[in-house]
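Student: A predicted structure for the sequence below; I have some questions about it.
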Amino acid sequence: MLAEKYPEEVKKIFAKYPPEQKRSAVMPLLYLAQRDEGFVTKAALEDIAQMLDITSTNVAEIVGFYTLYHDGKAGKYRMQVCTDLPCALRGADKFLEELCSNLGVKVGETTPDGMVTVEAVMCLAGCDKAPMFQVQSPDGIAYHENMTVDKTMELLAALRKSGKEVK
Amino acid sequence: MAHLLLRHRDIPDIGKMDVYKKNGGFEAFKKAVTRMEPQEVTESVKASGLRGRGGAGFPTGIKWSFIPKDIWPHYVVANADESEPGTFKDREIMESNPFQFLEGVAIAAFATGANAAYIYLRGEFWPVAAILDEKIADMEKAGFLGDKLFGSDYSLRIHTHLGAGAYICGEETALLESIEGKRGLPRIRPPFPAVYGLYGKPTVVNNVETLTNVPLIVEKGADWYKSLGTTDSAGIKIFSLSGHVNKPGNYELPFGTTYRELIYKYGGGVTENRPIKSIMSAGASSAMIVADDKALDTPMDYASVRALGADLGSASVIVINDSVNLEWVINKTIHFFKHESCGKCTPCREGCYWMMHLIERIEHGEDVQASTELLHNVANQMQNKCLCPLGEFATMAVATAIERFPADFKPSHAGGEHG
């Protein structure tokens, strides 16, 4: 239960919106719910629905609509490489292809140790610093820009070792 | 000229409260609250000629003046969803010159009688939201947010709200739905947000860059602001330059700077010194401009870019050199819009689906001529029929690439990486 587990944060989230508009809290609460497992569990859907007096379908449709919410387990870190037009003009497609071959995975797959899922995503507003990607983890989101495959492999080695992100 | 929006480039620590204050910070907000009527602030912004920097270019002061006086409460919402491929200016403002933006939010709220403002950031801007939360707390501590500001009766609170990855939430009514805890589906208009906005109340939605201009106008006056830029496009603009240039990045320049100056003088020229084939003036939503001498010497202002058969939009300039086939370019943009179409209205949902299948046929060399004609037909049929601008945007590059660059869709040219 989020309210018991993160009482301070839940209180802060509700304080942002008018008391009669608590449904607005659904998006921040979903981020909170994802913190443990990296995805939103069925129990969390029910919990949030109850907190907001809406149905669990109302919560599930938010998870389904927005790309940063997930309903299933993936790697601990989701490495989301932008391959949209401006990044692609600066070699993002080739970068992603080489990265995947170095990791021995296809786009959308997770490394055998369960650490990293490689994904291709839409524009991240980092067009001038391509190739670039974001790493989504239970702790949040961080950008990594002007990347090469070598720098990315170093980042992954450090992640595996420390369990922490490094720039 | 010193930067007026990207001020951190001249004053690196402008993101710190004491440095911002030392450089005139919050004087404009104080002046508005203590020495001006809300109406006067709106009139001043109207007179300055400031137009929305998010893409639509609607006059900001006029937007504010639509807020009715008989329905309360009012809200101000800052659109920090910045998701157009090729646009990365708002992020730099918020990361490095956050107080000027927040001061703009505060002045807009005072002018429109709002006691609460929300900043809607795309979910990927998680660290940016953390910066803004910290700066909002600094403002509360310094007495620039809260109750009875500067000894007046005016109270204001600002909150951040993170989206979660949906381009459509940059459309203002979809954005409002998203803050309300729903899927980001655009509303049917009218009523417009000025009358029926957040929680059904009068709401002004402005882009980050637009709001960051506001303190300058209040401080230095409408006439001064108007003297920058051109008659049709007052002031300064941040141009996000990307693609095949040696020095991609944000460039703050007066309106009326030419594409040639932006690309060669500021952007360091084209990658590998190749000729430019096409320019996209407004990100992935843009028409494809034929990059001849006339286009390169066109001043970047609303009317001149319109005369080129394109739009200034959010001024995200994507440069494409002659190594690229435009069939490959629109393959990218179509996949983007297919992914981001919310599915609420039929022309956009079905149109994007069919455009995707047709461009894939062309990519694989299947009946290229007939597929290209059909693709052009589908794009034309979508135009003027969609519920919100996303559907229109999806067709811009497609229709103009086929019309203006027919050689790129010949069977012998289409297909393969970069054609």
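Tutor: Arrived safely, thanks for sending.
Student: From the chain's centroid, how far away is the top helix by length along chain A?
Tutor: The residue-count maximum for a helix in chain A (DSSP state H) belongs to helix A:149-162. Chain-centre distance of helix A:149-162: 18 Å, with C-alpha atoms, centre = their mean, to the nearest Å.
Student: Give the rounded mean pLDDT of it.
Tutor: Average pLDDT, helix A:149-162: 91.
Student: And for stretch B:180-195?
Tutor: Model confidence over stretch B:180-195 averages 97 on the pLDDT scale.
Student: what does stretch B:246-262 give?
Tutor: Averaged over stretch B:246-262, pLDDT sits at 97.
Student: Is it in proximity to chain A?
Tutor: Yes: using C-beta under 8 Å from any C-beta of the partner chain, stretch B:246-262 comes into contact with chain A via B:P248, B:G249, B:N250. Where you see a C-beta, it was placed from the backbone N, CA and C, and this is true even at glycine.
Student: Take those and lay them out in CSV including neighbour count, distance to B:D147 and secondary structure.
Tutor: CSV is the format used below for the residues of stretch B:246-262 next to chain A (neighbours: other C-beta atoms under 10 Å in any protein chain shown; distance: C-beta to C-beta, whole Å; DSSP: H, G, I helix; E, B strand; the rest coil):
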residue, neighbour count, distance to B:D147, secondary structure
B:P248, 26, 45, coil
B:G249, 18, 41, strand
B:N250, 23, 37, strand
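Student: Which one of the residues you listed is nearest to chain A?
Tutor: Nearest to chain A, judged by C-beta to the nearest C-beta, of those is B:P248 at 3.7 Å.
Student: tell me which residues in the longest helix of chain A are buried?
Tutor: A:V149, A:T152, A:L155, A:L156, A:L159 (16 or more other C-beta atoms under 10 Å in any protein chain shown).
Student: Quick one: residues contacting the first one.
Tutor: Under the criterion of C-beta atoms under 8 Å, 6 or more residues apart in numbering or on different chains, the contact partners of A:V149 comprise A:F95, A:E98, A:L99, A:N102.
Student: Could you find the closest non-adjacent residue to it?
Tutor: The shortest distance from A:V149 to any non-neighbouring residue, by C-beta to C-beta, 6 or more residues apart in numbering or on different chains, is to A:E98 (4.9 Å).
Student: for chain A, what spans make up the strands?
Tutor: Under the criterion DSSP state E, chain A contains strands at A:77-82, A:116-121, A:133-137, A:140-144.
Student: helices and strands around the first one, which ones?
Tutor: Contacts of strand A:77-82 with other secondary structure elements, assessed using 3 or more C-beta pairs under 8 Å, 6 or more residues apart in numbering or on different chains; DSSP states H and E, are made with helix A:92-103, strand A:116-121, strand A:133-137.
Student: what's the answer for the third one, then?
Tutor: Judged by 3+ C-beta pairs under 8 Å, 6+ apart, the packing partners of strand A:133-137 are strand A:77-82, strand A:140-144.
Student: That strand: partners in the sheet, and parallel or antiparallel?
Tutor: Strand A:133-137 has these partner strands in its sheet, going by DSSP bridges: strand A:77-82 (antiparallel), strand A:140-144 (antiparallel).
Student: Just name the most buried of those strands.
Tutor: Among these, strand A:77-82 has the highest mean neighbour count (mean count of other C-beta atoms under 10 Å in any protein chain shown), at a mean of 25.
Student: tell me the angle of that strand relative to helix A:92-103?
Tutor: Counting by axes from the mean of the first three to the mean of the last three C-alpha atoms, to 10 degrees, strand A:77-82 lies at 150 degrees to helix A:92-103.
Student: Include mean pLDDT when you put the helices and strands packed on strand A:133-137 into JSON lines, please.
Tutor: Converted to JSON lines, the helices and strands packed on strand A:133-137 look like this (pLDDT from 0 to 100):
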{"stretch": "strand A:77-82", "mean pLDDT": "96"}
{"stretch": "strand A:140-144", "mean pLDDT": "93"}
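Student: Kindly reformat the ones you listed as JSON lines and extend each row with distance to B:A379.
Tutor: As requested, those are arranged in JSON lines below (distance: least, C-beta to C-beta, whole Å):
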{"stretch": "strand A:77-82", "distance to B:A379": "25"}
{"stretch": "strand A:140-144", "distance to B:A379": "33"}
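Student: so who does the spatially most central residue of chain A touch?
Tutor: Among the residues of chain A, the one closest to the centroid is A:Q136, at 3.4 Å (C-alpha atoms, centre = their mean). By C-beta under 8 Å, 6+ apart, the contact list for A:Q136 reads A:L68, A:Y77, A:R78, A:Q80.
Student: what number of residues lie near B:P202?
Tutor: B:P202 has 25 neighbours, counted by other C-beta atoms under 10 Å in any protein chain shown.
Student: cool, and B:P254?
Tutor: Other residues lying near B:P254 total 18 when counted by other C-beta under 10 Å.
Student: Check the contact between it and B:I236; I expect there is one.
Tutor: Yes: using C-beta atoms under 8 Å, B:P254 makes contact with B:I236 at a distance of 5.5 Å.
Student: Common neighbours of the two, please.
Tutor: The contact sets of B:P254 and B:I236 overlap at B:L228, B:G229 (C-beta under 8 Å, 6+ apart).
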